[in-house]
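[1] Everything below, folded, please.
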Amino acid sequence: MPRLFFSLIFVFAASIASAAEVTDLYQAQAPAESQTEEERQRLAPDLLKQVVIKVVGDRRAVEQADISALVTDVERYIDQYYYQQILNMDSDPPEQQLMLTLDFNANAINTALQRIGLPVWDKIRPESLIWVAIEYEGNQQLIGEGDEHSLLLQIDKAAKNRGIPLLIPLMDLEDQTQLTFNDVSTGNNTAVKQASERYGASVLVTARLRGNAESTEISWQAILTDDVERWSSQGDVQTAIRTGVDALADHLGRRLNMSISTSGEAELAIQVSGVNDYEGYSRIMDYLESLQAVSDIKVGSLGSESLDLVIFIQAEPERFRQLLSIGGVIQPEINDTTGLQYRLLP
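    Below you'll find the predicted structure:
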């Protein structure tokens, strides 16, 4: 096999800027041999485990918890199921594969996780912009949207399985002018950050891959504010990518998930500046109401260009403050030391 080398760049920006709602968070899919009830019952426990890992965001936390009662009673958590014929790109040549999809009840799953003591990673999650550079048979290339490359498809699939929203760069003339293959392969994070500004992404990560399709090793690095995480993944290309993305999701999940309590509420009073009109007010309220940990919001006052709010949350306030900034709606004031002053983003 020809030698394959590529670098994936993802760098966690110091201030998380944008996020997206994961709409299939409580959904899982697997190949099925038939459409019988017995086959569905056989696959359901593993699909439920996939959803639990995706919702919690941290495999280690799930592995350390006792979810046996939840898995044993899997049928009560299923809202609906359906079958599809999907072209399996992993087979050679690609062929049609029967797939079972299970949709689980979000409220029931969350309640069960709360009883077990597992945290929940909110459905509003930071977006990750992925820069991919490939060196194949002597050709060096940055690939992006519009390039039907199998590596992008594998990365996208692995990210969806873990509930990570992805952004793929356009690789148009502007991108090509601002970022080169050497910038990516040598870890020029200054150039990467500058090229990424137009996308407003929250997450940027670096990984370096060496080897070939059968034997691959990837060295990963993630910068989370002032913390740097490093890990590696090995195996064939598909396995190395999946393992590396799993580790990325674990890092993000541990940082952003939170234990949601149904036994009591905490109050968080914040002030948001830059609220000049009803559109700005609506953006703030819609965003806060979309967060799973928020049970109620009360408006304290609406002054000239500022909004005082009392947010009732079923979570630890400090963890919730971290979550507040990822939606691209409000951002902490730079000079604020209380964690209570925010400003509305454009």
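[2] Now do the strands in the stretch 201-346 of the chain.
    With DSSP state E, counting those that start in this stretch as the definition, the stretch 201-346 of the chain shows strands at residue ranges 205-211, 216-224, 227-235, 266-275, 294-303, 305-313, 330-332, 341-344.
[3] what's the last one packed up against?
    Packed against strand 341-344 by the contact rule (3 or more Cβ pairs under 8 Å, 6 or more residues apart in numbering; DSSP states H and E) you find strand 266-275, helix 278-290, strand 330-332. For the C-beta atoms, the positions are set from N, CA and C on the backbone; glycine is no exception.
[4] picking up where we left off before, save the strands of the stretch 201-346 of the chain as CSV, and put in mean pLDDT, distance to Q29 and mean neighbour count too.
    Compiled in CSV, the strands of the stretch 201-346 of the chain are given as follows (pLDDT from 0 to 100; distance: least, Cβ to Cβ, whole Å; neighbours: other Cβ atoms under 10 Å):
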stretch, mean pLDDT, distance to Q29, mean neighbour count
strand 205-211, 77, 25, 21
strand 216-224, 76, 25, 19
strand 227-235, 85, 22, 15
strand 266-275, 91, 37, 17
strand 294-303, 86, 30, 13
strand 305-313, 91, 33, 18
strand 330-332, 87, 35, 20
strand 341-344, 91, 38, 19
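[5] before we move on, the earlier item: which one, of the helices and strands packed on strand 341-344, ends up nearest to E305?
    With Cβ to Cβ as the measure, strand 266-275 is the member of these nearest E305 (5.9 Å).
[6] Run me through the strand neighbours of the closest one, direction for each.
    strand 305-313 (antiparallel), strand 341-344 (parallel) (DSSP bridges).
[7] Out of the ones you listed, flag the one nearest D46.
    Closest approach to D46 among the strands paired with strand 266-275 (Cβ to Cβ): strand 305-313, 33.1 Å.
[8] one step back: tabulate the strands paired with strand 266-275 (CSV), appending distance to A61.
    Formatted as CSV, the entries for those read as follows, by distance: least, Cβ to Cβ, whole Å:
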stretch, distance to A61
strand 305-313, 21
strand 341-344, 29
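[9] sorry, back to before: may I see the helices and strands packed on strand 341-344 arranged in CSV, with distance to R255 as well?
    Written out in CSV, the entries for those read as follows (distance: least, Cβ to Cβ, whole Å):
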stretch, distance to R255
strand 266-275, 19
helix 278-290, 20
strand 330-332, 16
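[10] Which one of the ones you listed lies nearest to G235?
    helix 278-290 (37.5 Å).
[11] tell me how far the closest one is from the chain's mean position?
    Helix 278-290 has its average C-alpha position 22 Å from the chain's average C-alpha position, going by Cα atoms, centre = their mean, to the nearest Å.
[12] What lies in contact with that helix?
    With Cβ atoms under 8 Å, 6 or more residues apart in numbering as the test, helix 278-290 has contacts from 21, 123-124, 272, 274-275, 294, 297, 302, 307, 309, 311, 327, 329-330, 344.
[13] Just the closest of those residues to N105, please.
    Nearest to N105, judged by Cβ to Cβ, of those is K123 at 14.1 Å.
[14] Redo the strands of the stretch 201-346 of the chain as TSV? Include distance to E145.
    What follows is these, written out as TSV (distance: least, Cβ to Cβ, whole Å):
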stretch	distance to E145
strand 205-211	18
strand 216-224	22
strand 227-235	25
strand 266-275	32
strand 294-303	34
strand 305-313	37
strand 330-332	27
strand 341-344	30
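[15] of all these, which lies closest to E63?
    That would be, of these and by Cβ to Cβ, strand 227-235, which comes in at 16.8 Å.
[16] sec struct for D103, please.
    Secondary structure of D103, reduced to three states by DSSP: H, G, I helix; E, B strand; the rest coil: strand.
[17] Show the contacting residues for it.
    The contact partners of D103, by Cβ under 8 Å, 6+ apart, come to Y26, Q27, I78, D79, Q80, Y81.
[18] Can you go through those and name the buried ones?
    Among the contacts of D103, those that count as buried by neighbour count (16 or more other Cβ atoms under 10 Å) are Y26, Q27, I78.
[19] got the buried residues for the helix or strand encompassing V51?
    Using DSSP states H and E, V51 falls within helix 37-56. By 16+ other Cβ under 10 Å, the buried positions in helix 37-56 come out as 40, 43-44, 47-56.
[20] Repeat that for stretch 116-130.
    For stretch 116-130, the neighbour count (16+ other Cβ under 10 Å) marks 116, 118-130 as buried.
[21] Equivalent analysis for stretch 157-172, please.
    In terms of neighbour count (16+ other Cβ under 10 Å), stretch 157-172 has its buried residues at 158-169, 171.
[22] repeat for stretch 247-260
    Under the neighbour-count criterion of 16+ other Cβ under 10 Å, stretch 247-260 has 247-258, 260 buried.
[23] Quick one: residues contacting L151.
    Residues in contact with L151, defined by Cβ under 8 Å, 6+ apart, are F6, V132, I134, I143, V237, I241.
[24] for the spatially most central residue of the chain, what are its contacts?
    With the centre of the chain defined as its mean C-alpha position, the nearest residue by Cα atoms, centre = their mean is I164, 2.3 Å away. I164 makes contact with R125, S128, V245, L248, A249, L252, according to Cβ under 8 Å, 6+ apart.
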